[in-house]
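build me a structure from this.
(one chain, ligands or ions: 2)
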Amino acid sequence: MSTTQSPVDPTLDLFAEIDRLREERKAVILAHYYQDPDIQDIADHLGDSLELAKRARDAKDAEVILFCGVHFMAETAKIVNPSKTVVIPDLEAGCSLAEQCPADQLRVWKERHPDHYVVMYINCSAATKAESDIICTSSNAEKIIRSVPEGRPILFGPDKNLGAFLMKKTGRAMDLWPGACMVHETFSSQKIATLKAQHPGAKFIAHPECEDHVLALADFVGSTSRLLTFVQQDEGAKYIVGTETGILHTMHKAAPHKELIPVPYEDRTAACQGCNQCPHMKLNTLEKIYLALRDLQPRIEMAEELRQRALLPLERMLAIS
Ligand code: 13P
Ligand code: SF4
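Ligands and ions are numbered 1, 2, ... in the order given. Next up is the predicted model:
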């Protein structure tokens, strides 16, 4: 399916059409916090990677899961709930982390470290999950690392920043895959320090995919859902938000009286005008959602043998989460 051309009649009321098709298809719409505001607003459930994986697993009544996020998230939905038709608005909505750790390269790394336990961040393909012992997300990673028996060496990937953060938190040494998120690694500690000086009293909250020098400035570090809960429950009034800007929409709704300041990025390339937005997440649009529900395409499909192998490390994670 083309990601650039939309054959949708421009006079259609997309909100009404999506509602009609959602009903007709018995579809549940799951959306990540990095989606555009309109998409977050039409979702049946919003969440971080772990919450959305659980929503997908528990979608008993739905016949269709429409996943508004990126490919590895929709793939995870299919792995945990294979009898459902899983569709994604744009098949090309990938993830820089997932791209950086293909299964064949992970296999070579494992062969060099045969005694290691392989913990993979959920931001990876089904084939890479299938090579792993256990999966983690940013909200349960600390718990997952602590669950690995003491003395057992660990390979952690693909995110070296999350890995370094976990090593500090748990005191556990790990071998790290050299991957990083293209969005979170553009954040500049100098600019954050400037923002903090301009907004005295503002708390800096950050996603653990940020680099170490950025996290060193943070008052709180957590997954997207944890950042949201922190802003809701904390007694402060102003927050500098160190993650993809999509989450500001739901944060504003959840805590309307609080001031939210998106983190600026370092202008590493003059051409980049919005490095704090995930270009993959932003491929999804209301038009593509409408088409996906209408045509039940593009679908996530995978060989049953691969699904079974990818399911095992996910089930180990879900049992602990
Ligand atoms: P969360 O699980 O914290 O929502 O993170 C997903 C992600 O891709 C962050 O870039
Ligand atoms: Fe992947 Fe980064 Fe986009 Fe998250 S923000 S989906 S880690 S590229």
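
return the backbone torsion pair for the closest residue to ligand 2 within the stretch 101-250 of the chain.
Residue of the stretch 101-250 of the chain nearest ligand 2, by Cβ to the nearest ligand atom: C181 (3.3 Å). All C-beta spots, glycine's among them, are computed from the backbone N, C-alpha and C. Phi and psi for C181, reported as degrees, to the nearest 10, are phi -80, psi 130.

and what of I205?
According to degrees, to the nearest 10, I205 has phi -120, psi 140.

grab the nearest non-local neighbour of it.
F220 (4.6 Å; Cβ to Cβ, 6 or more residues apart in numbering).

how close does the one you found get to T194?
Distance, F220 to T194, by Cβ to Cβ, to the nearest Å: 20 Å.

ok, these two, which is more surrounded?
Between F220 and T194, counting by other Cβ atoms under 10 Å, F220 is the more crowded of the two (16 against 12).

picking that back up, check the residue of the stretch 101-250 of the chain closest to ligand 2 and give its pLDDT.
pLDDT for C181: 97.

cool, and N276?
pLDDT at N276 comes out at 88.

over to M1?
43.

what of the one 3 residues further on?
Among the per-residue scores, T4 holds a pLDDT of 49.

could you do I18 as well?
98.

swap in I135?
Taking I135 on its own, its pLDDT is 99.

that older thread, surely the residue nearest to I205 meets F230?
Yes: between F220 and F230 there is a contact at 5.1 Å, judged by Cβ atoms under 8 Å.

pull up the overlap in contacts between those two.
I205 (Cβ atoms under 8 Å, 6 or more residues apart in numbering).

and the residue in the stretch 51-200 of the chain positioned nearest to ligand 1, what element?
Closest residue of the stretch 51-200 of the chain to ligand 1, Cβ to the nearest ligand atom: S138 (4.0 Å). With secondary structure defined by DSSP states H and E, S138 is part of neither a helix nor a strand.

the residue of the stretch 201-321 of the chain found nearest ligand 2 in helix, strand or coil?
Nearest to ligand 2, among the residues of the stretch 201-321 of the chain, is C278, at 3.3 Å (Cβ to the nearest ligand atom). The three-state label given to C278 by DSSP: H, G, I helix; E, B strand; the rest coil is coil.

rewinding a little: residues in contact with the residue of the stretch 101-250 of the chain closest to ligand 2?
C95, S96, L97, N123, D159, N161, E209.

and the stretch 1-150 of the chain, which residues reach ligand 1?
D48, S49, N123, T137, S138 (Cβ under 6 Å from any ligand atom).
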